[in-house]
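[1] need a 3D model of the sequence below.
(2 chains)
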Amino acid sequence: MSNEIAIIGAGMHPWGKWGHNFVQYGVAAAREALADADIPWRDIRFVSGGATVRCGYPGYVAGATFAQALGWQGAEVNTSYAACASGSQALAAARNKILAGECEVALVVGADTTPKGFLAPAGGYRPEDPDWVRFYLGITNPTYFALYARRRMDIYGDTLEDFAAVKVKNSRIGAKNPRARYRKCFTAEDVAASAMVADPLRLMDICATSDGGAALIVCSLDYARKIGKANAPRVAAISTVTPTFASGVVEMPDIATDSAAAAGVEAISYRSTIPLKAYEEAGVGPEDISLAEVYDLSTALELDWIEDLQLTPRGEAAAALRRGDTALGGKFPINVSGGLACFGEAVPAQAIAQVCELTWQLRGEAGDRQVKGARVGITANQGLFGHGSSVIVKR
Amino acid sequence: MRDKPLAPAIDGWHTMADKPHLIGSQCTDCGTYFFPPQSQYCRNPNCDSTDFREVELSRTGQIWSYTNASYKPPSPFVAPEPFEPYAIAGVQLQREQMVVLGQVVKGVTVEELKVGMLMELVLETLHETEDDIKVTWKWRPIAADTKTGA
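    The predicted model follows:
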């Protein structure tokens, strides 16, 4: 209760391949969030930005870059970089500032412009950089997604049809989201006809990289009451935990896992530990979840996340998918925004976009995509170098 | 062309013997293994040792998972023209309790692989330069015939 903050505004620049400067997307998202909150820009006393590392110095200091673009007005700024979890860390910084009583209302914003195709590392001969090593040896991002997918097939009996069904489900709902980049309904035949990238994953099983921007206006519960928004959705938990040694799953960009050979050390899956802190902090459990926005870098990974969130026992996510549990109207709808399958990844904006979707859902404003009676939503994502996050929003 | 010497693609990460081993390091205090090798600080949170010994890692293990690369990876990967797809495996080493990724030897496709299959480490060409042939570690099914003699 005392650790909660209110979300009074959400905004996004539509995802796509627009080719503009990232600042433009962030400003558009911030202005939409401000209008949604119905408060003036000058009332924001803390600007918390998610950094982009692909746009030079302005991207490294994204918080200040957005503050300048919106018009310097003397607010304090912060910039967070934590790969896919950047947006959640920016949100956590705003929450800390608000709970410390140092500011009443804050803007959280992230945006990116991304290159085409594979994300490649810096060149040279740099064996000390694991990202350089794995590309030199021929190991790309889809390699990791495919290793996880293949394990599901060999161990749990998941099929290519299951993976395609995730894409079909997400494309069907994403087609109804005006902020999504891909809005075409795909069939299982479309997926099967797309090119094999990393067996068993085809092109349509793997998410693209996109341009986009997302923003939230968050404030103290007192401030929300003061402006007549006492019923606004609340951030009930933010988990940004690191992995626990020894990480038993080979993670991007590493070419080997930790060794669990020392006494008293167990191999642990990082992904499964990320939501634990969030559940504990929010005082809710998997049985309370109305909907989840998870990081479907691949179709198969959506199934892993369902189990990591403990929405099903390990190995049973595909069965839940086949029963319709994960679709709109099901027991625990997953990625009713359309997910990364329909958005593509815009790294520093993505974790914020997940919270935007939960905000609209919990307000009952998601239109054709509305999860009826949604009360508790959870996000989950994971990226490079031990970064991941999970946010719980409730009302 | 045929006279080019063999050289490791990355220096010091594997032996060049007929039955090659990856070269890792082991913390002399807690026994944790590291690959790639490292000798500065132990990453076991229960251990603050800075003392390591160089060790040859197990050269056999079981497949943790596998896939392939159907498209040419970006630089610094050096691809032959035309690009030839290759399989990739993560192999679990029993003694070290770790999984190590690597390409699978040429000619073996994902259809021939399965989680749990026994694999051994061999050396194979990664790419050629003006001066030498860069070799690296790759995984090969132990059950497969050894016609290449690699």
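
[2] rest of the way, CA atoms for contacts and neighbours
    Fine.

[3] quick check: residue B:70 vs residue A:344, distance?
    21 Å (CA to CA, to the nearest Å).

[4] who's more crowded, these two?
    residue A:344 (25 against 17; other CA atoms under 10 Å in any protein chain shown).

[5] could you verify my assumption that the more buried one touches residue A:207?
    Yes - Residue A:344 is within contact range of residue A:207, at 5.3 Å (criterion: CA atoms under 8 Å).

[6] for the closest residue to residue A:41 other than its chain neighbours, give me its contacts.
    Excluding its sequence neighbours, the residue lying closest to residue A:41 (CA to CA, 6 or more residues apart in numbering or on different chains) is residue A:34, at 6.8 Å. Going by CA atoms under 8 Å, 6 or more residues apart in numbering or on different chains, residue A:34 touches A:9, A:10, A:11, A:40, A:41, A:217.

[7] strands along chain A, start to end?
    All strands of chain A, identified by DSSP state E, fall at A:5-16, A:46-50, A:76-80, A:105-112, A:196-198, A:201-202, A:211-219, A:234-239, A:291-294, A:376-382, A:388-394.

[8] what sits against residue A:196?
    A:202, A:203, B:70.

[9] follow-up on the earlier one: need the strands of chain A in CSV (columns: mean pLDDT).
    Converted to CSV, the strands of chain A look like this (pLDDT from 0 to 100):
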stretch, mean pLDDT
strand A:5-16, 98
strand A:46-50, 98
strand A:76-80, 98
strand A:105-112, 98
strand A:196-198, 97
strand A:201-202, 98
strand A:211-219, 98
strand A:234-239, 98
strand A:291-294, 98
strand A:376-382, 97
strand A:388-394, 97
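
[10] could those be laid out in a markdown table, adding distance to residue A:265?
    Converted to a markdown table, the strands of chain A look like this (distance: least, CA to CA, whole Å):
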| stretch | distance to residue A:265 |
| --- | --- |
| strand A:5-16 | 37 |
| strand A:46-50 | 34 |
| strand A:76-80 | 31 |
| strand A:105-112 | 37 |
| strand A:196-198 | 32 |
| strand A:201-202 | 33 |
| strand A:211-219 | 40 |
| strand A:234-239 | 23 |
| strand A:291-294 | 29 |
| strand A:376-382 | 23 |
| strand A:388-394 | 22 |
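
[11] can you tell which of those strands is closest to residue A:137?
    Nearest to residue A:137 among the strands of chain A is strand A:196-198 (15.1 Å), distances taken as CA to CA.

[12] that closest one: how far from the chain's middle?
    24 Å (CA atoms, centre = their mean, to the nearest Å).

[13] same question for stretch A:3-17.
    12 Å.

[14] find the residue at the geometric middle of chain A.
    Central residue of chain A (CA atoms, centre = their mean): residue A:351, 3.3 Å from the mean position.

[15] surely it and residue A:86 touch.
    Yes - contact criterion CA under 8 Å: residue A:351 and residue A:86 qualify, at 7.2 Å.

[16] count of residues packed around residue 109?
    All of this is about chain A. Neighbour count for residue A:109, taken as other CA under 10 Å: 35.

[17] please go with chain B instead
    With other CA under 10 Å as criterion, residue B:109 counts 16.

[18] specify the local secondary structure of the closest residue to it other than its chain neighbours.
    Spatial nearest neighbour of residue B:109, chain neighbours left out: residue B:87 (5.8 Å); criterion: CA to CA, 6+ apart. Assigned state for residue B:87: strand (three-state reduction, DSSP: H, G, I helix; E, B strand; the rest coil).

[19] kindly report the same for residue B:137.
    Following three-state DSSP, we place residue B:137 in the strand state.

[20] report pLDDT for the residue nearest to it when sequence neighbours are not counted.
    Spatial nearest neighbour of residue B:137, chain neighbours left out: residue B:123 (4.7 Å); criterion: CA to CA, 6+ apart. We note a pLDDT of 98 for residue B:123 in this prediction.

[21] swap in the one 3 residues further on?
    Per-residue confidence at residue B:126 stands at 96 (pLDDT).

[22] quick one, strands of chain B?
    Using DSSP E, strands in chain B cover B:6-8, B:23-27, B:33-34, B:52-56, B:60-69, B:86-93, B:98-104, B:118-128, B:133-141.

[23] contact residues of the stretch 201-350 of chain A facing chain B?
    Proximity of the stretch 201-350 of chain A to chain B (CA under 8 Å from any CA of the partner chain) is limited to residues A:245-246, A:248-250, A:255-263.

[24] mind showing which ranges of the stretch 151-300 of chain A have poor pLDDT?
    Scanning the stretch 151-300 of chain A for pLDDT under 70 picks out no residues.

[25] one more: chain B?
    In chain B, residues with pLDDT under 70: B:1-2, B:144-150.

[26] that one against chain A: which residues are in contact?
    B:10, B:30-36, B:43-45, B:64-71, B:73-78, B:88, B:90, B:95-103, B:110, B:114-115, B:126.

[27] buried ones in stretch A:299-315, by neighbour count?
    If you call a residue buried by 16 or more other CA atoms under 10 Å in any protein chain shown, then stretch A:299-315 has these buried ones: A:299-312, A:315.

[28] next, give phi and psi for residue B:95.
    Main-chain dihedrals, residue B:95, degrees, to the nearest 10: phi -60, psi -40.

[29] so who does it touch?
    Contacts of residue B:95 by CA under 8 Å, 6+ apart are A:261, B:58.

[30] same question, residue A:165
    Residue A:165 sits in contact with A:188, A:321, where contact means CA under 8 Å, 6+ apart.

[31] try residue B:52
    Counting by CA under 8 Å, 6+ apart, residue B:52 has contacts B:25, B:26, B:27, B:28, B:38, B:39, B:40.

[32] can you check residue A:267 too?
    Here residue A:267 is in contact with A:245, A:246, A:247, A:248, A:259, A:260 (CA under 8 Å, 6+ apart).

[33] touching, residue A:357 and residue A:335? I think so.
    No - with contact defined as CA under 8 Å, residue A:357 and residue A:335 do not form a contacting pair (9.1 Å).

[34] overlap in contacts, those two.
    Joint contacts of residue A:357 and residue A:335 (CA under 8 Å, 6+ apart) are residue A:293.

[35] and these two? which has more neighbours close in?
    Shown here are residue A:357 and residue A:335; by other CA under 10 Å, residue A:335 has more neighbours (29 against 24).

[36] now the stretch 1-150 of chain A against chain B: closest residue?
    Using CA to the nearest CA, residue A:136 is the residue of the stretch 1-150 of chain A that sits closest to chain B, at 4.2 Å.

[37] so that residue sits against residue B:102, correct?
    No - using CA under 8 Å, residue A:136 makes no contact with residue B:102, being 11.1 Å away.

[38] residues near residue A:285, how many?
    As a burial measure, residue A:285 scores 16 neighbours (other CA under 10 Å).

[39] which phi and psi does it have?
    Per degrees, to the nearest 10, the backbone of residue A:285 is at phi -130, psi 180.

[40] please apply the same query to residue A:177.
    phi -110, psi 110.
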